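Novice: Mind looking at a prediction? Sequence and model below.
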Amino acid sequence: EAGVVQSPRYKIIEKKQPVAFWCNPISGHNTLYWYLQNLGQGPELLIRYENEEAVDDSQLPKDRFSAERLKGVDSTLKIQPAELGDSAVYLCASSLGVAGHTGELFFGEGSRLTVL
Amino acid sequence: AQKVTQAQTEISVVEKEDVTLDCVYETRDTTYYLFWYKQPPSGELVFLIRRNSFDEQNEISGRYSWNFQKSTSSFNFTITASQVVDSAVYFCALSEALNAGNNRKLIWGLGTSLAVNP
């Protein structure tokens, strides 16, 4: 069974440029999560989707970050414009069911963003 | 106040040593879940175990074992006879409900970096 697939693995951009990350969750997983992880820190939730609905986006900086999960399958996270402080690893995860954070999360390998 | 505390930032052991990773949590929920995840150098977080607050039974899985004690709000993780492949960052996490609904958040510790040397 294929795991959670993310792309790109690495991205280097100049500040003020846009960037987008893509995630394909495990087939059949209703819930999809985008996390941000800074070096030496635990993951921080940006947004959680149940199917195509964003049920928790309270930590998403909506002035520059946006996300979508059309058709309730794969998802895109966008930053526009990027700032130096956005340099981090962006992790996508998925889980079966819609309870959210009660069961196992399956993570992708992450997309490492460097903003110069 | 930090809700999940992993007091050990880095641990270094020699192969075959036993090592315990500590996790102390804080919550007012009566129903909560505790997790351990492993993050190897490749970066992908891998689920190890989930415990709900009503199940204090300790668990053993191969060389891994977990000791859940509600009385001390701890959920410690022991690796027996450590191997080089165990080298990774290990995260403890707490899932608690923010309100009467089911909108839980996962609160992560800062992680413990384990280096197992040959």
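Specialist: Perfect, I can see it now.
Novice: what does chain A have sitting close to chain B?
Specialist: A:3, A:40-45, A:55-56, A:89, A:91, A:93, A:99-110, A:112 (CB under 8 Å from any CB of the partner chain). Where you see a C-beta, it was placed from the backbone N, CA and C, and this is true even at glycine.
Novice: For ChimeraX, write the select line for the buried members of these.
Specialist: Buried members of the residues of chain A next to chain B, defined by 16 or more other CB atoms under 10 Å in any protein chain shown, are picked up in ChimeraX with:
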select /A:42,43,44,45,56,89,91,93,100,101,102,103,105,106,107,108,109,110,112
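Novice: Show only the entries of the residues of chain A next to chain B found in helices.
Specialist: Among the residues of chain A next to chain B, none falls in helices (DSSP state H).
Novice: Could you give the bridge partners of residue A:48?
Specialist: Applying DSSP bridges to residue A:48 gives these bridge partners: residue A:33, residue A:56.
Novice: List the residues that contact it.
Specialist: Going by CB atoms under 8 Å, 6 or more residues apart in numbering or on different chains, residue A:48 touches A:31, A:32, A:33, A:34, A:54, A:55, A:56, A:57, A:100.
Novice: burial of the third one, as a residue count?
Specialist: It stands for residue A:33. Using other CB atoms under 10 Å in any protein chain shown, residue A:33 has 26 neighbouring residues.
Novice: Run through the residues that contact the one residue in chain B that gets nearest to chain A.
Specialist: Chain A sits closest to residue B:108 of chain B, with a gap of 2.9 Å, by CB to the nearest CB. The contact partners of residue B:108, by CB under 8 Å, 6+ apart, come to A:42, A:43, A:44, B:4, B:91, B:92, B:93.
Novice: what's near enough to touch the residue of chain A found nearest chain B?
Specialist: Residue nearest to chain B within chain A (CB to the nearest CB): residue A:42, separated by 2.9 Å. Applying CB under 8 Å, 6+ apart to residue A:42 gives the contacts B:4, B:91, B:93, B:108, B:109, B:110, B:111.
Novice: Let's see that with 10 Å instead.
Specialist: For residue A:42, the contact set (CB atoms under 10 Å, 6 or more residues apart in numbering or on different chains) comprises A:35, B:4, B:6, B:37, B:39, B:45, B:89, B:91-93, B:106-111.
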